[in-house]
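Engineer: I would like the atomic coordinates for the input below:
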Amino acid sequence: MDKQGLDKAFFSIQAALRRSLGKVLSSSQDIDDVVQETYLRAVASNTSKSIKDPAGYLFRTSRNIALNQKARLYHQLEVSLPVEEVDELTVLIDDRPVERDVDRKQRFAELCLAVSELPIQCRRVFVLRKVYGYSQAEIAKELGISVSTVESHMATGMHRVRQWMKRVGERNPNTLSHMSEKQQ
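Structural biologist: This is a model prediction of the structure:
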């Protein structure tokens, strides 16, 4: 397919791509970034005019990019946080000690998903604070915002993460973390 055909296909399904990505990503900025990266990859991959089904290719590519983005965030949190820090975060979320390794890993995965759903600036503040251990002043300087804005983002982030974790427990009563809460 030539570049004009690819452009035409991309622009004709762009709104549908955004709706589809809205099921995977929560931030409109993240969706915009993935849509743009999808187009750039399609153009780069189509040098030999090998794309036969441009709409299918664009949908698959955008979904893969979005899932890879979430996986990178999960991996970044997993690798960056020592076990004690994971325990501290999960205890902070529901105020109970971590009892089993499997339970801790499951709750950590839930935590990573919760963090990935935060608004982008809130997520940046949360990750810089909880993963990299930046002080509020360092975060403010790094992101060019005030310390009070950092505090506000942290409060919002912690509230949303707690809410997410609560909803996960309500939706899936068979999770170990939810079962443990019932036993207490």
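Engineer: Please work out how many residues are found near Ile51.
Structural biologist: Neighbourhood size, Ile51 [other Cβ atoms under 10 Å]: 19. Just so you know, the C-beta spots here come from the backbone N, C-alpha and C atoms, and that holds for glycine as well.
Engineer: ok, now which ones touch it?
Structural biologist: Contact analysis of Ile51 by Cβ atoms under 8 Å, 6 or more residues apart in numbering lists 1, 6, 42, 45, 57.
Engineer: which SSE is it in?
Structural biologist: Using DSSP states H and E, Ile51 falls within no helix or strand.
Engineer: do the one 5 residues further on as well
Structural biologist: Gly56 is part of helix 54-80 when elements are defined by DSSP H and E.
Engineer: quick one: low-confidence parts of this structure?
Structural biologist: 1-2, 46-49, 73-105, 170-184 (pLDDT under 70).
Engineer: So it: which segments form each domain?
Structural biologist: The chain is divided into the following domains under automatic domain parsing: 3-71, 81-183.
Engineer: before we move on, back to that, any idea how far the helix holding Gly56 is from the middle of the chain?
Structural biologist: 10 Å (Cα atoms, centre = their mean, to the nearest Å).
Engineer: Just the ones of the contacts of Ile51 in strands?
Structural biologist: Using DSSP state E, no member of these sits in strands.
Engineer: okay if I get those as CSV plus neighbour count and distance to Gln69?
Structural biologist: Below are the contacts of Ile51 laid out as CSV (neighbours: other Cβ atoms under 10 Å; distance: Cβ to Cβ, whole Å):
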residue, neighbour count, distance to Gln69
Met1, 17, 26
Leu6, 20, 23
Ala42, 21, 17
Ser45, 13, 19
Tyr57, 21, 18
